[in-house]
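Colleague: could you work out the structure for the sequence below:
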Amino acid sequence: MLCRLLARRWKVLFAGCLLLIVSEFLRSGQDKNPLKHIKLELNFPIIGMIADRNANGPQLAPNGGDVTVDQVCVPAVTSQIGPLFHVTNSSDSKFSFRRNPRWSKSTCTESLQRTAFESTEFAPIFRPDIQMLINCNLFDVREYRRMQKWEIPFGYHYYMGNITYEEVRDVLNLFPSDNTIFNFRGRSRSQCITCAVVGNGGMLNGSRMGMEIDKHNYVFRVNEAYTKGYEEDVGSRTTHYVFFDRSLRYMKPEDYPVSPNITYIYVPCRKEDFSNLTAIGKRVGEFKVPPEHVRIIHPDFMRYIHFVWMRVKSFRPTTGAVMAMTALHACDKLSLYGLGYNNKYSNHYFDRKYKKFRVFRLSHDHEREIRLWDSLDKEGLVHWYRRDVF
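Modeller: Alright, predicted model coming up:
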């Protein structure tokens, strides 16, 4: 009996000593790095801290975290996050989106904005003042929490594990804080911005639309954007390239759309996209483009396209549709080429032999997108090159 009592006391004494050792270890670790302990508890670093740029020690961006050598983003002293606005009568928060406080109405007298605002069909949902891009100055813990509940690409929830605050923050720090897809530095803005959106549809093969496409101020391309050898049909200029991590998987590196004159618009669709963006930002991947030329689509804009404009149950809009909608909300005059798949022509304009278009209904709703291009064309918001198909 006495032996059992002594054994119990030894166990209690040992547990008490172990607890003291662990407590002392945690206190010492916390003193060395005060942010580390908070991060373990909340999984969020402290936000809103900006160190004096002339002071010694690490600088902290508005979204928290040390400014690294790779960081391209220039931290803003005051918040750049605009107010929320709501579309539709539904109380569902997925219809709430951030407004770009720096947006201004076009001065072009023939702008599609004017046509859209007067359209019975599109005036209630057309919001060119929406925040289309996300950057380090438009992201903090509160924004992460707001968007965490929606599945990527509409937020930061992912079925194989959430995309963490730190993952998003670290990626955004690698890219500039620009909130527009156009760069007017060093030159004046055109009063009326003309844009050509070029999809990869087979109806462009033999179309001879190349010269017409190249006459636009800006030319948007997507995914496998081959131009060499196809200039007569699709043109040779590229000013904007819209893509995600799978866009280049069938292209050879020598065919990648790489140019100092291109703005790259990234559409994150999966958790892997953040790894790909990190590689681009640190210039360690195969696709080596200047990080300062990369822009990232805002989850709010993706949600706005999908639930307000498309109103479908598929996984997400096609990358081509994201490209077209981005241009629709930024340009004054817009022409669409190579959008709308059909079986009269091969799947892509660059196919060497006929390939029938395959429908992936769970991923995209191509029929709905075709109806939207048709409506936009008939309402006079865009010119949709239909050839002899639609």
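
Colleague: from here on, contacts and neighbour counts on C-alpha atoms
Modeller: Fine.

Colleague: can you give me the helices in the chain?
Modeller: Taking DSSP state H as the criterion, the chain contains helices spanning 2-32, 34-42, 112-117, 141-147, 165-172, 210-214, 231-234, 272-281, 299-303, 319-328, 366-378.

Colleague: mind listing residues that contact the shortest one?
Modeller: What that stands for is helix 231-234. 198, 204, 205, 206, 207, 208, 209, 210, 211, 213, 227 (Cα atoms under 8 Å, 6 or more residues apart in numbering).

Colleague: could you redo the last one with a cut-off of 7 Å?
Modeller: Residues outside helix 231-234 that contact it (Cα atoms under 7 Å, 6 or more residues apart in numbering): 204, 205, 206, 207, 208, 209, 210, 211, 213, 227.

Colleague: same check, this time on the last one
Modeller: Helix 366-378 has contacts (Cα under 7 Å, 6+ apart) with 310, 340, 382, 383, 384.

Colleague: who touches the fourth one in this structure?
Modeller: Neighbour list for residue 383: 334, 335, 336, 377 [criterion: Cα under 7 Å, 6+ apart].

Colleague: double-check residue 80 against residue 137; I have them as touching.
Modeller: Yes - contact criterion Cα atoms under 7 Å: residue 80 and residue 137 qualify, at 5.9 Å.

Colleague: give me the more crowded residue out of these two.
Modeller: residue 137 (25 against 17; other Cα atoms under 10 Å).

Colleague: in the protein, what helix or strand scores lowest on average pLDDT?
Modeller: The least trusted helix or strand in the chain, going by mean pLDDT, DSSP states H and E, turns out to be helix 34-42, with a mean of 27.

Colleague: ok, back up a step: most neighbours among the contacts of residue 383, please name it.
Modeller: With neighbours taken as other Cα under 10 Å, the top of the contacts of residue 383 is residue 334, carrying 25 neighbours.

Colleague: measure residue 308 to residue 103 for me?
Modeller: To residue 103, residue 308 is 20 Å away according to Cα to Cα, to the nearest Å.

Colleague: and those two? Which one has more around it.
Modeller: Neighbours were counted for residue 308 and for residue 103 using other Cα under 10 Å; residue 308 has more, 16 against 13.

Colleague: returning to that earlier point: can you put the contacts of helix 366-378 in JSON lines and add distance to residue 178 and pLDDT?
Modeller: What follows is the contacts of helix 366-378, written out as JSON lines (distance: Cα to Cα, whole Å; pLDDT from 0 to 100):
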{"residue": "310", "distance to residue 178": "27", "pLDDT": "91"}
{"residue": "340", "distance to residue 178": "31", "pLDDT": "88"}
{"residue": "382", "distance to residue 178": "26", "pLDDT": "98"}
{"residue": "383", "distance to residue 178": "29", "pLDDT": "98"}
{"residue": "384", "distance to residue 178": "30", "pLDDT": "98"}
